[in-house]
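> the following comprises the amino acid sequence and a computationally predicted model.
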Amino acid sequence: MKKLIQFELRKIFANRLTQTAMLALLLLSALLGISTYQNMYAADGTGREGSGQEAVEIDKSIAEKYAGILTDEKVLQMMTDFKPTRDLHGMNPAYLYLNSVQSAVFRRFSDLNGSWNGLSVSDVFGREEIKIGYTYGWLSTSQNIVKILIALSFVIVIMIAPVFSGEYGGLDSIILTSKYGKTKCAAAKIIASVLSALIVTTVISAIHFVCALILYGRDGLDCSILFAPAGFVEGYIPFNITCGTLLKYQFLLAYTGAISVTGITLLLSAVCKNQTTASAASAAIYIFPVILPVTEASPLYRVVVLLPLYHAQFVSLMSIEQINGNALYALFAVPAALAITGIGIICSRRVFAGHQVA
């Protein structure tokens, strides 16, 4: 069985289309990371401004000035330090951007004139203890990972679609089936498929985390996502978790999404006799939730967000209220992924094992 699994893994990763898709994914990752870093902008309000590395340094120095637990005194100090000195011509100060700290405080505590709106920290965040610091780099990384994980799902489809559909009538299938039997061949293909999906997910996740660590350092990993600059969807997650915890959930959902896509693709690969058909059908099922007319108010919404596309998108899952005030609803993605994968594995194995080799 071990040799069979190794053989199947080699077939998956030796496929030219798989290699091309992986190369394209790595290139996309590099482009996103570089463009995000180079396009960063920050100004301290006293004349110093910059982009790229300079922006990161400015943001970090400002965040360090106010680092620690957010207090009413710090809010008042920030509002004073960053009070607009020019006419905004009717623009809402909540959308004014100088640096990540200024944007975060204006988003929560500014009135239409750019002055303090009178709200206290407890008015805005309740009893939550909000630790602030440099989070911009990690929140940007989280946004990029969403795009990459969606692209990764399509790469997994490309990798797995030929596993069964490419074997119908093939010489390898005849030889291996004669030597090991259909059941062992099917099991080896399934195990290799799941392993390959987990391997590429691990590699891509590790690359993004390590690169972010190099570019932004560890600063901000222990700070709250609630004090986020305007424009970050993570700020709409209504729970007081740190950037580090956010990334842990995101990487967990990366794995649940990967194995879910694998289960769906395995089933369609076994059912379809053509690799192109299997790939197209798997991709269509993956993006199908986007066209469903299900709103957040619908009882079906909690079911729809457990589908693999929302594992990659992750914010919708993370935004649903906590279970009994403790665990996040996002944790239901784990049993959902296991169920989807299990159904795909069982059905694909039966279909392939029952196929009569000519």
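Noted; the coordinates are in hand. The structure presented is a predicted model; accordingly, all values stated were derived computationally and were not measured. Numbers count the residues shown, from 1 in each chain.
> going by C-alpha atoms from here, please, whenever you check contacts or count neighbours.
Fine.
> and the helix or strand containing residue 344, what does it pack against?
Using DSSP states H and E, residue 344 falls within helix 333-353. In terms of contacts (3 or more Cα pairs under 8 Å, 6 or more residues apart in numbering; DSSP states H and E), helix 333-353 is packed against helix 182-216, helix 243-271.
> residue 165 touches residue 277, doesn't it?
No - checked against Cα atoms under 8 Å, the pair residue 165 and residue 277 is beyond contact range at 9.0 Å.
> looking at the two, which is more packed in?
Legend: neighbour count by other Cα atoms under 10 Å for residue 165 and residue 277, higher for residue 165 (25 against 17).
> do you know how far residue 260 is from residue 81?
Relative to residue 81, residue 260 is positioned 49 Å away (Cα to Cα, to the nearest Å).
> scratch that, residue 166 is what I was asking about
64 Å.
> between these two, which one's more packed in?
Remark: of residue 166 and residue 81, residue 166 carries more neighbours, 20 against 13, as counted by other Cα under 10 Å.
> tell me which helix or strand comes right after the helix or strand where residue 277 lies.
Applying DSSP H and E as the criterion places residue 277 in helix 275-287. The helix or strand immediately downstream of helix 275-287 is helix 301-304, counting by DSSP H and E.
> next one: that next one to chain centre, how far?
18 Å (Cα atoms, centre = their mean, to the nearest Å).
> who's in contact with whichever helix or strand comes after it?
Counting by DSSP H and E, the next helix or strand C-terminal to helix 301-304 is helix 308-313. Under the contact criterion Cα atoms under 8 Å, 6 or more residues apart in numbering, helix 308-313 has outside partners 146-147, 149-150, 250, 253-254, 256-258, 260-261, 286-287, 289, 305, 316-317, 333, 337.
> which SSE is immediately downstream of the host helix or strand of residue 37?
Following DSSP H and E, one finds residue 37 within helix 16-38. The element immediately downstream of helix 16-38 (helix or strand, assigned by DSSP H and E) is strand 41-43.
> neighbouring contacts of that next one?
49-52, 54-56, 58-59, 98-100.
> centroid residue for this protein?
Most central in the chain under Cα atoms, centre = their mean is residue 146, positioned 3.5 Å from the mean C-alpha point.
> can you classify it by secondary structure?
helix (DSSP: H, G, I helix; E, B strand; the rest coil).
> and residue 138, what does it touch?
So residue 138 contacts 212, 216, 220-221, 243 (Cα under 8 Å, 6+ apart).
> quick one: least confident of these?
Within the contacts of residue 138, residue 220 has the lowest pLDDT, namely 88.
> in TSV: the contacts of strand 41-43, plus distance to residue 329.
Shown next, in TSV, are the contacts of strand 41-43 (distance: Cα to Cα, whole Å):
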residue	distance to residue 329
49	41
50	40
51	38
52	36
54	39
55	36
56	34
58	37
59	33
98	35
99	33
100	29
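> just the ones in strands from the residues you listed, please.
49-51 (DSSP state E).
> most neighbours among those residues, which one?
residue 50 (18 neighbours).
> which residues touch it?
Per Cα under 8 Å, 6+ apart, neighbours of residue 50: 41-43, 58.
> over to residue 30?
By Cα under 8 Å, 6+ apart, residue 30 has no neighbours at all.
> so how far is residue 141 from it?
12 Å.
> export stretch 286-301 to PDB, keeping only CA atoms.
Output in PDB follows, covering the C-alpha atoms of stretch 286-301 (Å, rounded to 0.1, in the frame of the first residue of the first chain):
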ATOM      1  CA  TYR A 286     -17.300  25.100  -5.300                       C
ATOM      2  CA  ILE A 287     -18.500  28.500  -6.500                       C
ATOM      3  CA  PHE A 288     -22.200  27.600  -6.400                       C
ATOM      4  CA  PRO A 289     -22.900  29.100  -3.000                       C
ATOM      5  CA  VAL A 290     -22.200  32.600  -4.400                       C
ATOM      6  CA  ILE A 291     -25.400  32.500  -6.600                       C
ATOM      7  CA  LEU A 292     -27.700  31.100  -3.800                       C
ATOM      8  CA  PRO A 293     -30.300  33.700  -2.800                       C
ATOM      9  CA  VAL A 294     -29.600  33.200   0.900                       C
ATOM     10  CA  THR A 295     -29.300  36.200   3.200                       C
ATOM     11  CA  GLU A 296     -27.900  36.400   6.700                       C
ATOM     12  CA  ALA A 297     -31.400  36.500   8.100                       C
ATOM     13  CA  SER A 298     -32.300  33.100   6.500                       C
ATOM     14  CA  PRO A 299     -32.200  30.000   8.700                       C
ATOM     15  CA  LEU A 300     -30.300  28.300   5.800                       C
ATOM     16  CA  TYR A 301     -27.400  30.800   6.100                       C
END
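> model confidence over the helix or strand hosting residue 3, on average?
For residue 3, the element it lies in under DSSP H and E is helix 2-14. This predicted structure assigns helix 2-14 an average pLDDT of 87.
> in that helix, what's buried?
Buried residues in helix 2-14, counting neighbours by 16 or more other Cα atoms under 10 Å, are found at 4-5, 8-9, 11-12.
> which elements pack onto that helix?
helix 136-160, helix 182-216.
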